[in-house]
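S.K.: okay, sequence plus prediction incoming.
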Amino acid sequence: MNQLQSIIICTALFLSVVSASPFLGELSLSGSASGTQDDEVNIVTRYLPAIEYQSSLSDAWDYDVEVRWQVQWGGQLDTFDENGIVADPYRVALNLQSAQTEYIIGLQKINFGPSRLLRPLMWFDSVNPTDPLALTSGVTGISAKFHYEFGWSSQAWLFLPDDPIGWEGLPDQEGTFETGGRITIPNDLGQLGISTHWRIADASANSPDDPDLYEGRFGLDGFWDIGIGLWIESVYKNQQFSDSPFLQQLQSTIGADYTFWVGNGILLSTEHMLINIWDSPWVDDTNKVISTIMSSYSPTMFDQVSFMLFMDWETETPLAYASWGQTYDSFRFTLGAFYTEVVSSQGSNTGLSSNFSGKGIQLTVAYNH
């Protein structure tokens, strides 16, 4: 834990004691099984206790402090006793807000872009679309968002070095910072977004003599509602050492959705991602195409049924996931079934963001207080 997180935690604990802020949390139990053997059954129990405090600094400024911890225990049944308990900060943030300005300081979640499942702009989170809890680690630093009277908004950030997240394959170089920004431009039919980011990655495992890998990203996205929803998300990434290239990559997703008014409405959406990698002595030129289709339906106000199908056209590898969930005041239940021909788990860098292998079932129960 860094010094910034420690300061925010101490501040939140002090304010919660003084003001008797409510103690919140989420307790969950998740299990998945692709067979009956101990190494084919995975169980994770997790508790996210939280303390939140809100108040005003002046007539123009409000603030809130959030401290949310993650206590986790579990794993495969054959190694369950060896994993022990893992406890890490999950969100530790101070939020300052006015009518047109917002500052967030600390461990926070940032995501943007219109794509749902295949997200080139998944820069600062690793949300798995098959995870009913939508858990993800965050980034530590300062972000600022500004809203303008003519409708535009801008965002800027400065983050401390950390482990890989999103599509990153390498951690940050120690002693450096990540920085970038975004502009959002609304229009009559939707909005456009322009994003940029810069960091220095630690490539000592690949190049011990020249470990600083300079990385720049530029993203362009748009969403339009023309009766059907249409969106595009594209990111160009350039990585190079001080004296030689390492990687150039272009990720582009196009998507569409439409609601068929049958019963309470069936939402159908599809996305297609093209990944191009070139101009590198380290990685062969690659053209990968991944497609998804998703449908969801809510037969009652408490139930939701959904289906996702991913296809990697290069390897002809499918991943299918179907789920049924129920939500009440404090409880959420999700029962899922999955099928894939992948032998080992797939990470986000492959596009099939899943921890599943083979075929099986998944059950998640969450209680919020």
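M.R.: Structure's in. What do you need? Residues are numbered from 1 along each chain as shown.

S.K.: rest of the way, CA atoms for contacts and neighbours
M.R.: Fine.

S.K.: name the element Asn111 belongs to?
M.R.: For Asn111, there is no enclosing helix or strand under DSSP states H and E.

S.K.: that one against Pro120, yeah?
M.R.: No: at 11.1 Å, Asn111 and Pro120 do not qualify as touching, with contact defined as C-alpha atoms under 8 Å.

S.K.: now do the shared contacts for the two.
M.R.: When contacts are counted by C-alpha atoms under 8 Å, 6 or more residues apart in numbering, Asn111 and Pro120 have no shared neighbour.

S.K.: of those two, who's got more company?
M.R.: Pro120 (26 against 13; other C-alpha atoms under 10 Å).

S.K.: need the contact partners of stretch 168-180.
M.R.: So stretch 168-180 is contacted by 123, 156-164, 195-203, 212, 349 (C-alpha under 8 Å, 6+ apart).

S.K.: okay, and which of those residues map to helices?
M.R.: Of the positions in the contacts of stretch 168-180, not one sits in helices, assigned by DSSP state H.

S.K.: now, of those, which are buried?
M.R.: 123, 156-162, 164, 195-203, 212 (16 or more other C-alpha atoms under 10 Å).

S.K.: from these, which land in strands?
M.R.: Filtering the buried ones among the contacts of stretch 168-180 for membership in strands, criterion DSSP state E, returns 156-159, 195-202, 212.

S.K.: can you list the weak-confidence ranges in this protein?
M.R.: The chain contains residues with pLDDT under 70 at 1-22, 38-39, 78-83, 342-356.

S.K.: Val41 - how many residues pack around it?
M.R.: In terms of burial, Val41 registers 19 neighbours under the definition other C-alpha under 10 Å.

S.K.: in contact with it, which residues?
M.R.: Contact criterion C-alpha under 8 Å, 6+ apart gives 31-35, 76-77 as the residues in contact with Val41.

S.K.: nearest to Phe338 among these?
M.R.: Among the contacts of Val41, Ser34 lies closest to Phe338 (C-alpha to C-alpha), at 8.8 Å.

S.K.: residues contacting the closest one?
M.R.: Applying C-alpha under 8 Å, 6+ apart, the residues near Ser34 are 40-41, 357-361.

S.K.: write the ChimeraX selection for whichever of these are buried.
M.R.: Listed next is the ChimeraX selection for buried residues among the contacts of Ser34, using 16+ other C-alpha under 10 Å:
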select :40,41,357,358,359,360,361
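
S.K.: run through the strands of the stretch 201-350 of the chain in chain order.
M.R.: Taking DSSP state E, counting those that start in this stretch as the criterion, the stretch 201-350 of the chain contains strands spanning 212-225, 229-240, 245-260, 266-278, 286-297, 303-312, 317-327, 331-340.

S.K.: in three-state terms, how would Arg119 be classified?
M.R.: Each residue gets one of three states, and Arg119 gets coil by DSSP: H, G, I helix; E, B strand; the rest coil.

S.K.: for it, the count of nearby residues, please.
M.R.: Here the neighbour count serves as a burial measure; for Arg119 (other C-alpha under 10 Å) it reads 25.

S.K.: from Asp285, how far out is it?
M.R.: Note on Arg119: its distance to Asp285, by C-alpha to C-alpha, to the nearest Å, is 21 Å.

S.K.: try Ala320
M.R.: Separation of Ala320 from Asp285 (C-alpha to C-alpha): 28 Å.

S.K.: can you check Thr176 too?
M.R.: With distances defined as C-alpha to C-alpha, the gap from Thr176 to Asp285 amounts to 30 Å.

S.K.: which strand residues bridge the closest residue to Phe260 other than its chain neighbours?
M.R.: With C-alpha to C-alpha, 6 or more residues apart in numbering as the criterion, Phe260 has its nearest non-adjacent residue at 5.1 Å, and that residue is Ile266. Applying DSSP bridges to Ile266 gives these bridge partners: Phe260, Tyr297.

S.K.: circling back: mind putting the strands of the stretch 201-350 of the chain into JSON lines with distance to Glu66?
M.R.: As requested, the strands of the stretch 201-350 of the chain are arranged in JSON lines below (distance: least, C-alpha to C-alpha, whole Å):
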{"stretch": "strand 212-225", "distance to Glu66": "30"}
{"stretch": "strand 229-240", "distance to Glu66": "31"}
{"stretch": "strand 245-260", "distance to Glu66": "34"}
{"stretch": "strand 266-278", "distance to Glu66": "34"}
{"stretch": "strand 286-297", "distance to Glu66": "32"}
{"stretch": "strand 303-312", "distance to Glu66": "30"}
{"stretch": "strand 317-327", "distance to Glu66": "24"}
{"stretch": "strand 331-340", "distance to Glu66": "22"}
